[in-house]
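K.L.:
sequence-free structure coming up:
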Ligand SMILES: NC(=O)C1=CN([C@@H]2O[C@H](COP(=O)(O)OP(=O)(O)OC[C@H]3O[C@@H](n4cnc5c(N)ncnc54)[C@H](OP(=O)(O)O)[C@@H]3O)[C@@H](O)[C@H]2O)C=CC1
Ligand SMILES: O=C(O)[C@@H]1CCC=N1
């Protein structure tokens, strides 16, 4: 990404709540050429954000920026909503990364904001291997031209057409890395219980999943076909796959996992509303 591409955002960026997730986006943008002097970050603690970005503990003295990224937690939004609203002016593009919080609720809280976009990044954006799902209130065609340039260095950019599916997208992409880490840990843990040395099991489980993921990125095959290519007929892999597939166990577990995450999105939305 070049600074020129970012300059098309026409101005400055304020990151209101620059913790783990927004901080990962910021680091990647800086690595890809975003000029630090275009950015101001607000953190409750005032702890320095990535790079040489100016970091403040509150918004005193700030005026409406061109781009305002909202990176507080949904539960913390009611505490800052009035202040964010003051900063979200008619020329401000607001991008909220808060899980669960709908465009309609954002518009109610930020009535004067120029445009509002809901975005769902995931942590691998830190190395450009993430996903950013996006949906806007309106004018998606114009916005996508502008925002794709900003988001592309973070990884795969997906515009979502129906907001009703956004919490499910979040469960798959935003939460997904944690589910994969848990599965990797469970495989390594099982290997330890069955007799492997813990350090070796951890090392090999990480390398195995990283290799499998990279192979998948380079392949046009479906995951089912890729599994079939590993499984020799009547071999060891097939014996293990039969356990995962028995009575649809793995499919049911994954459906329950995504459903629970999606439902929690609805509760988070409620916690972000002003009473
Ligand atoms: N973690 C993830 O993988 C993902 C998270 N998200 C979303 O990103 C958002 C942030 O999550 P995450 O980064 O994990 O959480 P963090 O707690 O790391 O980040 C929250 C940020 O908000 C700041 N903050 C909290 N209260 C205030 C306040 N009153 N005034 C100013 N700043 C404040 C915190 O300041 P301080 O740094 O001082 O604590 C922190 O920088 C959430 O809405 C979440 O749904 C979306 C996708 C993935
Ligand atoms: O756990 C959460 O609520 C956020 C949203 C996606 C990832 N982290």
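P.N.:
Looks like it arrived, so ask away. The structure presented is a predicted model; accordingly, all values stated were derived computationally and were not measured. Numbering: from 1, shown residues only. Ligands and ions are numbered 1, 2, ... in the order given.
K.L.:
is residue 119 in contact with residue 99, as I believe?
P.N.:
No. Counting by Cβ atoms under 8 Å, residue 119 stays clear of residue 99, with 10.7 Å between them. Placement of C-beta: from N, CA and C, glycine included.
K.L.:
could you report the separation of the residue in the stretch 51-200 of the chain that ligand 2 sits nearest to from residue 44?
P.N.:
Across the stretch 51-200 of the chain, no residue is closer to ligand 2 than residue 174, which sits at 3.0 Å (Cβ to the nearest ligand atom). Separation of residue 174 from residue 44 (Cβ to Cβ, to the nearest Å) stands at 22 Å.
K.L.:
quick one, strands of the stretch 151-275 of the chain?
P.N.:
155-159 (DSSP state E, counting those that start in this stretch).
K.L.:
can you show me the helices along the stretch 101-250 of the chain?
P.N.:
If DSSP state H, counting those that start in this stretch is used as the criterion, the helices of the stretch 101-250 of the chain fall at 103-109, 140-151, 166-169, 176-193, 198-217, 223-230, 236-245, 249-272.
K.L.:
just checking, what packs against the shortest one?
P.N.:
Other elements packing on helix 166-169 under the criterion 3 or more Cβ pairs under 8 Å, 6 or more residues apart in numbering; DSSP states H and E are strand 115-121, strand 130-136, helix 249-272.
K.L.:
which of these has the highest mean neighbour count?
P.N.:
Ranked by mean neighbour count, these are led by strand 115-121 with a mean of 24 (mean count of other Cβ atoms under 10 Å).
K.L.:
contacts for that strand, please.
P.N.:
21, 24-25, 92-97, 99, 101-103, 106-107, 110, 130-139, 143, 147, 151, 154, 163, 166, 169-170, 173-174 (Cβ atoms under 8 Å, 6 or more residues apart in numbering).
K.L.:
contact residues of this structure facing ligand 1?
P.N.:
Contact residues, the chain versus ligand 1 (Cβ under 6 Å from any ligand atom): 17-22, 42-45, 47, 71-74, 76, 79-80, 97-99, 120-123, 174.
K.L.:
mark which of those residues are buried, thanks.
P.N.:
17-19, 21-22, 42-43, 71-72, 74, 80, 97-99, 120-123, 174 (16 or more other Cβ atoms under 10 Å).
K.L.:
which ones among those are found in helices?
P.N.:
21-22, 80 (DSSP state H).
K.L.:
and which of those residues is nearest ligand 1?
P.N.:
Nearest to ligand 1 among these, with distances taken as Cβ to the nearest ligand atom, is residue 21, at 3.5 Å.
K.L.:
quick one, strands of the stretch 1-150 of the chain?
P.N.:
Using DSSP E, counting those that start in this stretch, strands in the stretch 1-150 of the chain cover 13-16, 39-42, 54-56, 67-70, 93-96, 115-121, 130-136.
K.L.:
now do the fourth one: distance to the chain's middle.
P.N.:
What that stands for is strand 67-70. Chain-centre distance of strand 67-70: 15 Å, with Cα atoms, centre = their mean, to the nearest Å.
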